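Peer 1: This is the structure alone, sequence omitted:
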């Protein structure tokens, strides 16, 4: 099984900050990686797939990069609506999620 | 517009079989490349992929749960059913179904909380 490890687990930031979340895979997954945003009590929402492709309707301040085993999600100018938990997901060999990164208000 | 909604019991006794239904609209599970996945999330914890069924009936399951899971699709109605046998309190979670296309889960149901307790 492919294990996904995210860092940090929690990130404190202010509106307007640029933040980066890292996701590492235990084996190469080429670019078979997606990012999801989840708010309390809500279902996850797809933000990015194929490591760097923005899902339709997702603001351009979200971006993803990486390949192989190391990936990043960057939010270029944090907005109030962006405070949430973010999950990476590999879809190279079956599917598995990282443990999540909570972005909280500083 | 694609929508999915999970339904089933909110409380299940330990050792029983949990049966959840995902009712969807806006797509056909007969269309090539399409699937429906199940994901769960214990309270305060991370997402866990459980399994999925493809348009052609093929199924894939998490290796850790494959002996306890069965996913089927209804050929007459837009529904997918998840069965999990021998549940225990560790299976307490919100269960989601999601639309799968090109390996990504692009639409999700609202989730249903299932508690396993006697």
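Peer 2: Alright, I've got the coordinates. Keep in mind that this is a model prediction, so the values were computed, not measured.

Peer 1: need the residues of chain B near chain A, please.
Peer 2: Taking CB under 8 Å from any CB of the partner chain as the measure of proximity, chain B contacts chain A at B:37, B:39, B:46-49, B:52, B:60, B:62-64, B:96, B:102-106, B:108-111. C-beta: built from backbone N, CA, C; applies to glycine.

Peer 1: let's see 7 Å
Peer 2: B:46-49, B:60, B:63, B:96, B:103-106, B:108-111 (CB under 7 Å from any CB of the partner chain).

Peer 1: which pair in these spans the largest distance?
Peer 2: B:63 and B:110 (27.7 Å; CB to CB).

Peer 1: Neighbour count: these two, which is higher?
Peer 2: Ranked by neighbour count (other CB atoms under 10 Å in any protein chain shown), residue B:63 and residue B:110 place residue B:110 first, with 14 against 9.

Peer 1: and that one, that's in a helix?
Peer 2: No: with DSSP: H, G, I helix; E, B strand; the rest coil as the criterion, residue B:110 is located in coil rather than a helix.

Peer 1: those strands in the chain, which residues are they?
Peer 2: I'll assume chain A. Assigned by DSSP state E, the strands in chain A fall at A:4-7, A:10-13, A:19-25, A:33-38, A:45-49, A:53-54, A:62-67, A:70-75, A:85-90, A:96-97, A:101-105.

Peer 1: wait, chain B
Peer 2: Secondary structure of chain B, counting by DSSP E: strands at B:3-7, B:11-12, B:18-25, B:34-41, B:48-54, B:59-61, B:69-73, B:79-84, B:93-101, B:104-108, B:112-116.

Peer 1: All good on my end, thank you.
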